[in-house]
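Q: Attaching a predicted model along with its sequence, questions to come.
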Amino acid sequence: MTNFVLVHGSYQGGWIWRDVAARLRAKGHTVYAPTMIGCGERRHQLHAGIDTTTFATEVAELLFHEDLRDVVLVGTSSGGMVVCGAAERVRDRVGRIVLVDALALFNGEKSRDIVNRTAPPPYGLAAGPSRDEAANGLFADVPAALLPWVIDRITPHPVGTSMIPVKLTDFWEMSWDATVIWCKQAPNPGEAHQRRAAAKLKAKWHELDTGHYPMLTMPEELTALLTGG
C-alpha cells in the first residue's frame, strides 16, 4: 500500500483527480486529493496574499498532520510548483515525486514567465476563463459526456500563484526519485520546460498522447504510470 497525495492545478480543486483517485483506492492505496485555499469548494476562503508558498505549506502540513511517510507526491499543471515547495519542506516524508504535464519552476521564476497565453495579466484576487472559454479552449479535449461535470466545477484561481515568483531554497539541489509525464497535445507548459525539469531531477520520462488533463482523458493510463513509477 502506498500513500498518494494528488495536487491540482489552476481553475481546479481536488475533484479533478476523482477518476484517478478511485482507481488508486481500488488497488488498495491511500489517496489524498486536497483542494487548495481559495479554489474549488474552498473558493469562499479566498483572500489577499495567496501564492505558491501558501499552497506548498498547506500540502506540507497535510503530510505532517496525517503523519504520512514514503508519499508519492503528484502535481499537475501549476500544482507542480506546489509539489516542489511542499517536498522541500518535508523531505523525509516524500518517497517519490511525479510531475504530470506540470510547471516545475526554478527559484525566482513565475508561471507567467513560462505559460504563453493571449489573455492579459489578471487583476484582482482571482481570475479564470468563462464557461465558454473553458469548454472551447482549456478543456476542449475532455470527453463530451464528462465536460459539463467539469465546467460546473472550474473556479477562478488566486492570481498570486502566477504573478508572484516561486520561493525555493534547495529543492533543485536535493536528490529525488522523480517521474516527469509530458502530455504531447498540450501547448503549455510545453515539452522543453518539462525536459528541463526531467534533466535537472534525473527523472524517469513518460509521454501520453493527450491534452493537458490526462486525469480526465486517460485516467487508466495515468494511474498505471503513477503506480508503475
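A: Arrived safely, thanks for sending. Numbers count the residues shown, from 1 in each chain.
Q: now the protein, which segments are flagged as low pLDDT?
A: 116-123, 229 (pLDDT under 70).
Q: Give me the longest helix you can find in it.
A: For the chain, the longest helix by residue count, based on DSSP state H, is helix 52-65.
Q: which helices and strands does that helix pack with?
A: Helix 52-65 is packed against strand 3-7, helix 79-89, helix 160-163, with contacts defined by 3 or more Cβ pairs under 8 Å, 6 or more residues apart in numbering; DSSP states H and E. No exception for glycine: its C-beta is placed from N, CA and C like everyone else's.
Q: list the buried ones in it?
A: Buried residues in helix 52-65, counting neighbours by 16 or more other Cβ atoms under 10 Å, are found at T52, T53, T54, F55, A56, E58, V59, A60, L62, L63.
Q: So which residues of the chain form helices?
A: 18-26, 52-65, 79-89, 111-114, 131-133, 147-151, 160-163, 191-201, 214-217, 219-228.
Q: tally of neighbours for A224?
A: 12 (other Cβ atoms under 10 Å).
Q: by how many degrees do the longest strand along the chain and helix 79-89 diverge?
A: Assignment by DSSP state E gives strand 94-102 as the longest strand of the chain. Taking axes from the mean of the first three to the mean of the last three Cα atoms, to 10 degrees, one finds that strand 94-102 is oriented at 160 degrees with respect to helix 79-89.
Q: which of the buried residues of helix 52-65 lies closest to R42?
A: Using Cβ to Cβ, E58 is the member of the buried residues of helix 52-65 that lies nearest R42, at 10.0 Å.
Q: before we move on, the earlier item: out of the helices and strands packed on helix 52-65, which is the most enclosed?
A: Mean neighbour count (mean count of other Cβ atoms under 10 Å) peaks for helix 79-89 among the helices and strands packed on helix 52-65, with a mean of 27.
Q: who's the nearest residue to A198 once chain neighbours are set aside bridged to?
A: Distances taken as Cβ to Cβ, 6 or more residues apart in numbering put V180 closest to A198, at 4.1 Å, once the chain neighbours are dropped. Going by DSSP bridges, V180 is paired in beta bridges with L99, W205.
Q: So V180 versus W205, what's the distance?
A: Distance, V180 to W205, by Cβ to Cβ, to the nearest Å: 6 Å.
Q: residues shared between the contacts of those two?
A: R195, A198 (Cβ atoms under 8 Å, 6 or more residues apart in numbering).
Q: Please tabulate the helices of the chain in JSON lines and include distance to M36 as additional columns.
A: Formatted as JSON lines, the helices of the chain follow (distance: least, Cβ to Cβ, whole Å):
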{"stretch": "helix 18-26", "distance to M36": "16"}
{"stretch": "helix 52-65", "distance to M36": "5"}
{"stretch": "helix 79-89", "distance to M36": "7"}
{"stretch": "helix 111-114", "distance to M36": "14"}
{"stretch": "helix 131-133", "distance to M36": "21"}
{"stretch": "helix 147-151", "distance to M36": "18"}
{"stretch": "helix 160-163", "distance to M36": "9"}
{"stretch": "helix 191-201", "distance to M36": "21"}
{"stretch": "helix 214-217", "distance to M36": "16"}
{"stretch": "helix 219-228", "distance to M36": "20"}
